[in-house]
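**Q** need coordinates for the following:
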Amino acid sequence: MRHNKKNNHLGRKTAHRSAMLSNMASSLIMHKRIFTTVPKAKELRKYVEPLITKSKEDTTHSRREVFSKLQNKVAVTELFQTVSQKVGDRPGGYTRIIKTGFRLGDNASMCFIELVDFNENMLGEGKAAKKTRTRRSRRKASDAAAAAPVAEAPKAKAKTREEAEKNAEEEAVKVEETPTAETGQDVPVVDESADTDVVPEVEAKTDKEKAAAKQEAKEEKIAASVEAKAKESNPDTDKKVPLPRDNA
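**A** Numbering: from 1, shown residues only. Purely as a prediction, here's the structure:
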């Protein structure tokens, strides 16, 4: 039968256990966080939270009751001046226990116990979480509105491709024939804006014409250089110097 087994005695006598919890409570009030084992932290939570509740009423009687437990004037002053102002609106639950793993020597479960209202990081995360909830609701509406045009985009692209292919085929079929001024022959006119290939015969003719034009330009340069040399050698005479093409 486990009668009167509610409290954990922590393997200590009454005087030793009360002194240990008193010192731990004073350290928690002064430093706002302490590292210890999980069983000690659970017993300390039951010991210190009633003292924090008494500190909400700043009277001589409550100060004397807290001092009888803590036996530390500095801790009592810190509790009534600083901690009580932070936890004034909180109806209990002043501490938080977070487990940190196991101790290497004896494998004891370790944790840290802290005052909830003095952890600025945790308070900041709670505020940020509320803001993100409102942002998520706004994002859902914007995502739903943006999803409609995105779904229609591939269809529009497919239509434009089909239209471009049809236009290219029509332009390839429509080839206008116009007479040239020199030869009077009909030469097919190809639209440059279309993506169709040029007729190979037209390409061959244009290459021959380009080659002939280059040859004529070379002959003219040679003739000009020969005439210039002749004038320099015989400035008084107007005799014509035979050109290479005349001899040919």
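
**Q** who's in contact with Phe67?
**A** Shown in contact with Phe67 (C-beta atoms under 8 Å, 6 or more residues apart in numbering): Lys73, Val76. Heads up, the C-betas are built off the backbone N, CA and C, glycines and all.

**Q** and if we set it to 6 Å?
**A** When the contact criterion is C-beta atoms under 6 Å, 6 or more residues apart in numbering, the partners of Phe67 are Val76.

**Q** for it, give its distance to Thr60.
**A** 10 Å (C-beta to C-beta, to the nearest Å).

**Q** how is Asn4 assigned, secondary-structure-wise?
**A** The three-state label given to Asn4 by DSSP: H, G, I helix; E, B strand; the rest coil is coil.

**Q** which residues in the protein form helices?
**A** Under the criterion DSSP state H, the chain contains helices at 14-31, 38-54, 60-70, 73-78, 84-86, 120-173, 200-233, 244-247.

**Q** where does pLDDT dip in the chain?
**A** Along the chain, the parts satisfying pLDDT under 70 run over 125-159, 172-205, 234-248.

**Q** how is the protein divided into domains?
**A** What automatic domain parsing lists as the domains of the chain is 14-120, 199-234.

**Q** quick one: closest of those domains to Lys166.
**A** domain 199-234 (22.0 Å; C-beta to C-beta).

**Q** can you mark which positions in that closest one are buried?
**A** The neighbour-count check on domain 199-234 (16 or more other C-beta atoms under 10 Å) flags nothing as buried.

**Q** same check, this time on stretch 65-84
**A** Of the residues in stretch 65-84, those buried (16+ other C-beta under 10 Å) are Val66, Lys69, Leu70, Asn72, Ala75, Val76, Glu78, Leu79, Phe80, Val83, Ser84.

**Q** can you put the domains of the chain in CSV and add distance to Asn7?
**A** Formatted as CSV, these follow (distance: least, C-beta to C-beta, whole Å):
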stretch, distance to Asn7
domain 14-120, 7
domain 199-234, 104
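
**Q** quick one: closest of those domains to Glu165.
**A** The nearest among the domains of the chain, by C-beta to C-beta, is domain 199-234 at 21.1 Å.

**Q** wait, Asn33 sits on Ile113?
**A** No Asn there; residue 33 is Arg. No - taking contacts as C-beta atoms under 6 Å, Arg33 lies outside contact range of Ile113: 7.2 Å.

**Q** can you pick out the residue with more neighbours from those two?
**A** Neighbours were counted for Arg33 and for Ile113 using other C-beta atoms under 10 Å; Ile113 has more, 21 against 15.

**Q** so how far is Ile34 from the more buried one?
**A** 6 Å.

**Q** repeat for Glu57
**A** Counting by C-beta to C-beta - Glu57 and Ile34 are separated by 26 Å.

**Q** can you check Lys208 too?
**A** Using C-beta to C-beta, Lys208 is found at 100 Å from Ile34.

**Q** is Thr95 in contact with Arg45, as I believe?
**A** Yes - counting by C-beta under 6 Å, Thr95 sits close enough to Arg45 to count as a contact (5.1 Å).
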